[in-house]
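# build me a model from this:
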Amino acid sequence: MADESDITGTTPRRRPKPDVLEIGGRRLKPSTLMMGHGFDPALSEGSLKPPIFLTSTFVFENAAAGKRHFEGVTGKRPGGAEGLIYSRFNGPDQEILEDRLSVWEDAEDALSFSSGMSAIATLLLAFVQPGDVVVHSGPLYAATETLIARILGRFGVSWLDFPAGATEAEIADTVERAKAMGRVPLIYLESPANPTNALVDVQAVARVRDAAFPADARPPIAIDNTFLGPLWHHPLRHGADLSVYSLTKYAGGHSDLVAGGITGSKELINQIRMLRNTIGTITDPNTAWMLLRSLETLELRMTRAGENADRICRFLKDHPKVESVGYLGFLEEEGGDPRQADIYRRHCTGAGSTFSLYLKGGEKEAFAFLDALKIAHLAVSLGGTETLASAPAAMTHLSVPDERKQALGITDNLVRVSIGVEDAEDLIADFDQALKAV
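Reported below is the predicted structural model:
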């Protein structure tokens, strides 16, 4: 998170007073800072909550101020715009949102985007050039794989990947092979992987990167932290440089908006900001305002959903019609994958509420289960207040070639489940009756 001088040194129309970041030497927790960080009610007629600033452009105090603001936007002066210019670049709601996003991971800076995929696309376009080789973990969200392999592939970009649970030696081998093919501009991770829930050893990736490249030519490590972040996983503490989010999911949390975010160092965020300014992938004011609402209850919602998921997964684990449950909370128990358990102990503070459920059978059994659900909704997405379930092989990952799906464990009997905040016993009853229909 930016220090107090940074926080009060920009956009003075919005926040001339220093934020309260600590009391009596105690640093305030993110759940407390979500209630007012980055906003001064005195600037908005005493409004307790930030208004929605529905304007396309902002009036400069004078011509010199306009020039100074544009120097920041165009990169003539580092640090971004010093004031408000135009809603493709910045706005009060978006800037308050970005301040609060950075708090959760103690990041220097953050950016918000119109969707998770626009965040990922802007990130990739900011660093990748024709002829480059992107190294990434696998599996990734299907649209991310499509963007890297098919869209960037049209411009001469290639890729190499390693399995999400790869050892340090396997990661190093992949990086060395990629270096032999061309420049490596970025190492892109997703942990837990969508939809298998496999964890990536971020610390091992960072060690491999640091050993393989000179200090002045190290590619940034970016990670999609949607499944566990920002509550249960803080990858910036483990060696990642950029943490990427579909804010549609847990941050938004009500299945009523689409947005994305990136947190990280000021240096890297400024490079991404320059491209966002050009192509206009910023969040709109209304969505930013809705996210500010949602962040106030993020810890409460994620905690309740996590508690529910633990109870439901324990019910499912020994059910005769269930082949296995890919739930992180089981990793440290008897029979868990020792490699994954080790990553979980070092990286995670909670098991999350999204998991992979493998039924005995195939697509027929998965579809029968999904069609029989009464409380849980058959829908793609995750991290909302309601429980959702889907069949990744036939839905979100349908575009992934069959042989790659099989290699990554995205099988026809896999059901991805995102647990919400309903009553846990009601959800167990729903899953029980649905399994009887299989």
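
# which parts of the stretch 151-300 of the chain are strands?
With strands called from DSSP state E, counting those that start in this stretch, the stretch 151-300 of the chain shows them at 158-163, 187-190, 221-224, 242-246, 260-264.

# output those in JSON lines, with mean pLDDT and distance to Ile85 appended to each entry.
Where you see a C-beta, it was placed from the backbone N, CA and C, and this is true even at glycine. Putting the strands of the stretch 151-300 of the chain into JSON lines (pLDDT from 0 to 100; distance: least, C-beta to C-beta, whole Å) gives the following:
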{"stretch": "strand 158-163", "mean pLDDT": "97", "distance to Ile85": "36"}
{"stretch": "strand 187-190", "mean pLDDT": "98", "distance to Ile85": "31"}
{"stretch": "strand 221-224", "mean pLDDT": "98", "distance to Ile85": "27"}
{"stretch": "strand 242-246", "mean pLDDT": "98", "distance to Ile85": "25"}
{"stretch": "strand 260-264", "mean pLDDT": "98", "distance to Ile85": "21"}
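
# nearest to Ser381, of those?
Comparing the strands of the stretch 151-300 of the chain by their distance to Ser381 (C-beta to C-beta), the top pick is strand 242-246, with 8.7 Å.

# now for the closest one, which elements pack on it?
helix 116-127, strand 221-224, strand 260-264, helix 266-279 (3 or more C-beta pairs under 8 Å, 6 or more residues apart in numbering; DSSP states H and E).

# switch the cut-off to 7 Å
When contacts are defined as 3 or more C-beta pairs under 7 Å, 6 or more residues apart in numbering; DSSP states H and E, strand 242-246 packs onto helix 116-127, strand 221-224, strand 260-264.

# show me what counts as buried in the first one.
When neighbours are counted by 16 or more other C-beta atoms under 10 Å, the buried residues of helix 116-127 are found to be 116-127.

# run the chain-centre distance for it.
How far helix 116-127 lies from its chain's middle: 12 Å, per C-alpha atoms, centre = their mean, to the nearest Å.

# and for the last one?
Its chain's average C-alpha position is 7 Å from that of strand 260-264, according to C-alpha atoms, centre = their mean.

# what helices and strands are in contact with the longest helix that the chain contains?
For the chain, the longest helix by residue count, based on DSSP state H, is helix 298-317. Judged by 3+ C-beta pairs under 7 Å, 6+ apart, helix 298-317 is in contact with strand 322-326, strand 354-359, helix 424-436.

# try 8 Å this time
Helix 298-317 packs on helix 30-33, strand 322-326, strand 354-359, helix 424-436, going by 3+ C-beta pairs under 8 Å, 6+ apart.

# what about Arg26, how many neighbours?
7 (other C-beta atoms under 10 Å).

# next: Pro214.
So Pro214, with other C-beta under 10 Å, has 7 neighbours.

# distance check, it against Lys179.
Remark: distance between Pro214 and Lys179 (C-beta to C-beta, to the nearest Å) = 12 Å.

# just list whatever residues bridge to the residue sitting nearest the centre point of the chain.
Centroid-nearest residue in the chain: Tyr245, 2.1 Å away (criterion: C-alpha atoms, centre = their mean). The bridge-partner assignment for Tyr245, based on DSSP bridges, gives Gly261.

# show me the residues around Ala63 that make contact.
With contact set as C-beta atoms under 8 Å, 6 or more residues apart in numbering, Ala63 has no partners.

# which elements pack onto the particular helix or strand that has Tyr344 in it?
Per DSSP states H and E: Tyr344 is located in helix 338-347. For helix 338-347, the elements it packs on are helix 202-212, judged by 3+ C-beta pairs under 8 Å, 6+ apart.
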